[in-house]
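Peer 1: Build me a model:
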Amino acid sequence: MKVYISVDMEGLAAIHSWKDVTFGDPHYKRKELEEQLRWMLEEMIEYEDIKKITVVDSHALGDNIPYSITDLDERIELISGFPRKRYMMAGLDESYDRVIFFGYHAGIGSMNALMDHTYSNTTFHNVWINGIRMNEALINAAYAGYLGVPVAMIVGDTALKEEMKDFLDRVVYVATKEGLGRYSAKFVSKKKLEQDIRSATNRAIRKEREDLRIYRFEPPVELKVETAKTEFADALEMIPGVERVGGRVLKFVHDDYAVVFDAILLMATIGSMMGRML
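Peer 2: This next block holds a predicted model:
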């Protein structure tokens, strides 16, 4: 068995503001990230049938998870850094048996969701695929499904859990906190959270692969994005294949989900760069 773990930060316990997830800020909470991740990995390495555990640092510039996390076991490998192809899903291929999303958050515009956004806090106001409003977990789950790999477990806030209930109904979910606003939350007890993560990890690993749901879109795949500002749409419509259908709305259609996935990442990257320039 090969396990792939995509790690974000906004959905973790103890985190409620951008300062908590910004490398170099005095409030930056790498310790909490590492501690919560270790609870899961400590349970996982007890399974001898797991041959590889790929941990992917998928928050911001991918410089949040210390290399020392691999000290736990020789089967653990770490992907870090930015930019990189496929970003939050870098290195995933058909050989993996299951995917875990750790520290994930709800999509842009969700009520009482901690730091809600979808791939870019500045670029996108909304993202849809085949008419379904998307968040990062759904976008990434569909990429895993494109490769034939199911999602087994998600760790995140209650707003994301609500968003995912109709799409990934067979996923083991651990709720870390309940949002009271975009920057306020009620956190689960640390003791309870540790127990929940350890218990959920065991359930996710023990599940038979055929009992897990593969989430995917059938072609053609239509991506529609509403940008936060019209100047972002001005720039993004220059991407080959992108059609502008409104002042802030763009459309991109392709039969290959991987190409659509890359288009989302490219748009998010360009928009983020423009946000810093203008």
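Peer 1: Find me the pLDDT at residue 272, would you?
Peer 2: Residue 272 carries a pLDDT value of 86.
Peer 1: Need phi/psi at the residue nearest to residue 207 when sequence neighbours are not counted.
Peer 2: Closest residue to residue 207 apart from its sequence neighbours, by Cβ to Cβ, 6 or more residues apart in numbering: residue 152 at 6.1 Å. Any C-beta I mention is one placed from the backbone N, CA and C, and that applies to glycine too. Main-chain torsions, residue 152, degrees, to the nearest 10: phi -100, psi -30.
Peer 1: The nearest residue to residue 241 once chain neighbours are set aside bridge partners, please.
Peer 2: Leaving aside its sequence neighbours, residue 241 sits nearest to residue 252 (Cβ to Cβ, 6+ apart; 5.7 Å). As for beta bridges, residue 252 partners with residue 223 under DSSP bridges.
Peer 1: which ones are touching residue 252?
Peer 2: 222, 223, 224, 239, 241, 242, 243, 260, 263 (Cβ atoms under 8 Å, 6 or more residues apart in numbering).
Peer 1: Just the buried ones from those?
Peer 2: 223, 224, 242, 260, 263 (16 or more other Cβ atoms under 10 Å).
Peer 1: For residue 61, state which of these is nearest.
Peer 2: residue 263 (21.3 Å; Cβ to Cβ).
Peer 1: ok so, going back, in a markdown table, list the contacts of residue 252 along with pLDDT and distance to residue 93.
Peer 2: As requested, the contacts of residue 252 are exported to a markdown table (pLDDT from 0 to 100; distance: Cβ to Cβ, whole Å):
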| residue | pLDDT | distance to residue 93 |
| --- | --- | --- |
| 222 | 98 | 26 |
| 223 | 98 | 23 |
| 224 | 98 | 28 |
| 239 | 96 | 26 |
| 241 | 97 | 25 |
| 242 | 98 | 27 |
| 243 | 98 | 31 |
| 260 | 98 | 18 |
| 263 | 97 | 20 |
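Peer 1: May I ask which two of those are separated the most?
Peer 2: 222 and 239 (15.3 Å).
Peer 1: Provide a list of residue ranges in the stretch 51-200 of the chain with pLDDT below threshold.
Peer 2: Within the stretch 51-200 of the chain, not a single segment meets pLDDT under 70.
Peer 1: what are the ranges of the helices in it?
Peer 2: All helices of the stretch 51-200 of the chain, identified by DSSP state H, counting those that start in this stretch, fall at 136-146, 158-164, 190-206.
Peer 1: Tell me which other helices or strands the longest one touches.
Peer 2: In this case it means helix 190-206. helix 30-44, strand 98-104, strand 151-156, strand 172-175 (3 or more Cβ pairs under 8 Å, 6 or more residues apart in numbering; DSSP states H and E).
Peer 1: Specify the angle between it and helix 30-44 in degrees.
Peer 2: For helix 190-206 against helix 30-44, the angle by axes from the mean of the first three to the mean of the last three Cα atoms, to 10 degrees is 40 degrees.
Peer 1: how about helix 190-206: buried residues?
Peer 2: Neighbour count says helix 190-206 has 193, 194, 196, 197, 200, 201, 202, 204, 205 buried, by 16+ other Cβ under 10 Å.
Peer 1: Next, format these as CSV and append distance to residue 131.
Peer 2: Listed next are these as CSV, based on distance: Cβ to Cβ, whole Å:
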residue, distance to residue 131
193, 35
194, 39
196, 34
197, 34
200, 31
201, 34
202, 37
204, 30
205, 34
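Peer 1: Having no further points to raise, I will conclude here.
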